[in-house]
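Asker: Test case, fold it:
(2 chains, ligands or ions: 3)
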Amino acid sequence: MAAVAGPGAAAMSDPEGIRSLAERCGAGERAALARAISVVEDRRPGFRKLLARVAGRGRRAHRTGITGPPGAGKSTLAAALAGHWRRDGEEVAIVAVDPTSPRSGGALLGDRVRMAPLQLDRGVFIRSMATRGAGGGLAEAVHDVIDLMEGSGFGRILLETVGVGQTELGVAAAADTVVLALTPEAGDEVQAMKAGLAEVADIFVVNKADRPGARALARQLRDAVGLGRRRAGHGGDSTAPGWVPPVLTAVATTDEGIDAVADAIEEHRRSLAGSGALEARRITRAEARIRAEVRAALEAHLGRVAGGDGFREAARNVAGGGATVYEAARRLLAGGSILSGGEDR
Amino acid sequence: MTTSHRRIRVLVAKPGLDGHDRGARVIVSAFRDAGFEVVYTGLHQTPEAIVEAALQEDADVVALSILSGAHMTLLPRVKALLVDAGLGDVLVTGGGIIPEEDAEALHAAGIGRLFGPGTRTGDAVAYIRDWFASSARASA
Ligand code: B12
Ligand SMILES: Nc1nc2c(ncn2[C@@H]2O[C@H](COP(=O)(O)OP(=O)(O)OP(=O)(O)O)[C@@H](O)[C@H]2O)c(=O)[nH]1
Ligand SMILES: [Mg+2]
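Answerer: Ligands and ions are numbered 1, 2, ... in the order given. The predicted structure is shown next:
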């Protein structure tokens, strides 16, 4: 690996710095990918240009999301799946998201602890991310980070969400295949979620099947999944038609059942690709991200043209007879371009 | 509009066969409460694994907790591997049971401040904040 960073290379924001960082990512340099992720995660100057140069290059990765309640074994499961794919010779990138503490803005990112067996494998890249205030069990920049990993040549991407309850299901938007990990203790939760379950997960894994109650939960889940499908008429165009989410059991700590989980993921991927639903998922994903970006730009624009006393001043003018409400509004709207704020939007 | 959200990222690890992790846990919580993003890698880490994790996580600081007495080999080894990986601008700091004269020798070898028993966590937080403010990484 080439020597990097050092004070000289510090100014990543200049176009030259961004270009060379992008090139090094494309060449598979791990330190460059790591820095690129920081640039994007922090929204540092030039991050959009960086994404334009790295994202969408090379073949498309398959994105597997792993979600589930705190402590269900998501990290352990991610590590086991990554190990499975490594044995098949695939390169795997993992993004593991943990919550930002709302009080301090800091975060404890502890998912790596369970991924120790992978830590010296050069075919695996693991990155921990804090939510930084975003909802849905993910971080705002997580899509961008996955795009960078894909553009750096990783064919398999695993996304671990924070430990979620039933309301935080953003992972469905970021992944091609969503795996919901539950444990035998989760019976009550399953009762509560029932009909919604089939919409969030493509594959169910009852992990910690070495504990009592796993089979009963699996049975309960199969019933709930069937119920949910009938009620919701499941199968919007971003779901593989006819896909019935399998309910599997596993012991992530010993790799028991992991091959079957990997097989199910592969089957789901094939079923998505064969039906055109994979493309539909990508379009849905892109649309949501574009909407979010446009909304953010509009809000920022509003802040610029009418922030501080902007509205007040215009109002004084109107009250004093200097303009009509409509003229004042038009003047505010015309004040500067929506695109003027971001240096590289 | 491009507001930067730079956070100080600290990798906390326990190298070697040392099983004393209470201090590391105290430090991890304190760092999180100070607004740092703390990646904790757990027990029994080799220097190679620590450096690879620091690289992937783009850590600004590698903070090691050592109570086993092996600090004179582990700390310089981690520092050397970081330099080899092009990460010479990452701060190596830590704490645990480390005699004062050893800390001085390590400091001369490019290791940052080391914090012993009874450390007020605020001191370690302030040290890292000050280091970061004047480091090249703050503007990267
Ligand atoms: C509790 C303890 C244990 C517990 C550990 C439980 C656990 N999960 O952590 C148990 C009973 C398991 C244990 C076992 C052993 N222990 Co013991 N243990 C202690 C003891 C009494 C307290 C350590 C402690 O938890 N302190 C509380 C925490 C909060 O403080 P701390 O770790 O010092 O951390 C503070 C600072 O040092 C600093 N800090 C620490 N790390 C870091 C990192 C960073 C980045 C920063 C900024 C700061 C920082 O900030 C912290 C907060 O103030 C110490 C004696 C002592 N007074 O230190 C011996 C001690 C550490 N143990 C010792 C020994 C020898 C052992 C054993 C080998 C004993 C044996 N023969 O079996 C085993 C080895 C176990 C193993 N696998 O490594 C020796 C080490 C000698 C040496 N290094 O030269 C000590 C010093 C006792 C002695 N005087 O001989 N031990
Ligand atoms: N008995 C048993 N324990 C397991 C199994 N899988 C994971 N664990 C343990 O469960 C605990 C939590 O595992 P993690 O992988 O950290 O769970 P997680 O869902 O990632 O946790 P968070 O990220 O904190 O929400 C750890 O102690 C694991 O070793 C399993 O199949 N059986
Ligand atoms: Mg986890």
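Asker: only C-alpha atoms for contact and neighbour calcs from this point on.
Answerer: Will do.
Asker: Helix, strand, or coil at A:Met115?
Answerer: helix (DSSP: H, G, I helix; E, B strand; the rest coil).
Asker: what number of residues lie near it?
Answerer: 20 (other CA atoms under 10 Å in any protein chain shown).
Asker: With B:Leu11 instead?
Answerer: 24.
Asker: what about it, is that helix, strand or coil?
Answerer: Here B:Leu11 is recorded as strand under three-state DSSP.
Asker: just checking, it touches B:Gly42?
Answerer: No. Between B:Leu11 and B:Gly42 there is no contact under CA atoms under 8 Å: 10.2 Å.
Asker: Surely A:Leu158 is within a helix?
Answerer: No. According to three-state DSSP, A:Leu158 belongs to no helix; its state is strand.
Asker: gap between it and B:Ala63?
Answerer: Using CA to CA, to the nearest Å, A:Leu158 is found at 27 Å from B:Ala63.
Asker: which residues touch stretch B:35-47?
Answerer: Applying CA atoms under 8 Å, 6 or more residues apart in numbering or on different chains, the set of residues contacting stretch B:35-47 from outside is A:104-113, A:116, A:128, A:130, B:7-19, B:21, B:28, B:31-32, B:50, B:57, B:74, B:77-78, B:81.
Asker: Spatially nearest residue to the residue of the stretch 51-200 of chain A found nearest ligand 1, not counting backbone neighbours?
Answerer: Going by CA to the nearest ligand atom, ligand 1 is nearest to A:Leu108 of the stretch 51-200 of chain A, at 14.3 Å. Of all residues not flanking A:Leu108 in the chain, B:Val38 sits nearest, at 5.0 Å (CA to CA, 6 or more residues apart in numbering or on different chains).
Asker: Now name the helix or strand holding that neighbour.
Answerer: strand B:37-40 (DSSP states H and E).
Asker: Could you check the angle the helix or strand following that strand makes with strand B:9-13?
Answerer: Where DSSP H and E defines the elements, the next helix or strand beyond strand B:37-40 is helix B:47-57. Following axes from the mean of the first three to the mean of the last three CA atoms, to 10 degrees, one obtains 160 degrees for the angle between helix B:47-57 and strand B:9-13.
Asker: Domain map for chain A?
Answerer: Annotated domains of chain A cover A:57-286, A:307-345 [automatic domain parsing].
Asker: Please name whichever of those is nearest to ligand 2.
Answerer: Evaluated with CA to the nearest ligand atom, the domains of chain A place domain A:57-286 nearest to ligand 2, the distance being 3.2 Å.
Asker: right, is the closest one up against ligand 3?
Answerer: Yes. Counting by CA under 5 Å from the ion, ligand 3 is contacted by domain A:57-286 at A:75, A:111.
Asker: Show me the helices in the stretch 101-250 of chain A, by range?
Answerer: For the stretch 101-250 of chain A, the helices defined by DSSP state H, counting those that start in this stretch cover A:142-151, A:171-174, A:187-193, A:197-200, A:214-232.
Asker: Tell me if I'm right that B:Ala136 and B:Gly88 touch.
Answerer: No. The pair B:Ala136 and B:Gly88 fails to qualify as a contact (CA under 8 Å) at a distance of 10.9 Å.
Asker: Adding mean neighbour count and mean pLDDT, write the helices of the stretch 101-250 of chain A out as a markdown table.
Answerer: Shown next, in a markdown table, are these (neighbours: other CA atoms under 10 Å in any protein chain shown; pLDDT from 0 to 100):
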| stretch | mean neighbour count | mean pLDDT |
| --- | --- | --- |
| helix A:142-151 | 24 | 95 |
| helix A:171-174 | 22 | 76 |
| helix A:187-193 | 14 | 69 |
| helix A:197-200 | 22 | 65 |
| helix A:214-232 | 17 | 76 |
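Asker: can I get those in JSON lines with distance to A:Glu23?
Answerer: Output for these, formatted as JSON lines (distance: least, CA to CA, whole Å):
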{"stretch": "helix A:142-151", "distance to A:Glu23": "11"}
{"stretch": "helix A:171-174", "distance to A:Glu23": "25"}
{"stretch": "helix A:187-193", "distance to A:Glu23": "46"}
{"stretch": "helix A:197-200", "distance to A:Glu23": "37"}
{"stretch": "helix A:214-232", "distance to A:Glu23": "46"}
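Asker: Using JSON lines, please lay out these together with distance to ligand 1.
Answerer: Shown next, in JSON lines, are the helices of the stretch 101-250 of chain A (distance: least, CA to the nearest ligand atom, whole Å):
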{"stretch": "helix A:142-151", "distance to ligand 1": "28"}
{"stretch": "helix A:171-174", "distance to ligand 1": "33"}
{"stretch": "helix A:187-193", "distance to ligand 1": "33"}
{"stretch": "helix A:197-200", "distance to ligand 1": "39"}
{"stretch": "helix A:214-232", "distance to ligand 1": "31"}
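Asker: Now do the buried residues in the longest helix along chain A.
Answerer: Scanning chain A for the longest helix, with DSSP state H as the assignment, gives helix A:277-306. Buried residues in helix A:277-306, counted by 16 or more other CA atoms under 10 Å in any protein chain shown: A:277-278, A:280-282, A:284-285, A:289, A:297, A:300-302, A:304-306.
Asker: what do you get for stretch A:69-77?
Answerer: Residues of stretch A:69-77 classed as buried: A:69, A:72-77 (neighbour count, 16+ other CA under 10 Å).
Asker: if you look at those residues, which of them are in helices?
Answerer: Short answer: these in helices (DSSP H) are A:74-77.
Asker: which among those are in contact with chain B?
Answerer: Among these, none lies close to chain B by the criterion of CA under 8 Å from any CA of the partner chain.
Asker: B:Gly110 - how many residues pack around it?
Answerer: By other CA under 10 Å, the residues close to B:Gly110 number 16.
Asker: Could you report the distance from it to ligand 2?
Answerer: From B:Gly110 across to ligand 2, the span is 35 Å (CA to the nearest ligand atom, to the nearest Å).
Asker: can you pull the contacts of that residue?
Answerer: Taking CA under 8 Å, 6+ apart, we find B:Gly110 in contact with B:Lys79.
Asker: ok so, going back, settle it for me: which of A:Leu158 and B:Ala63 has more neighbours?
Answerer: Of the pair A:Leu158 and B:Ala63, B:Ala63 is the one with more neighbours under other CA under 10 Å, namely 27 against 24.
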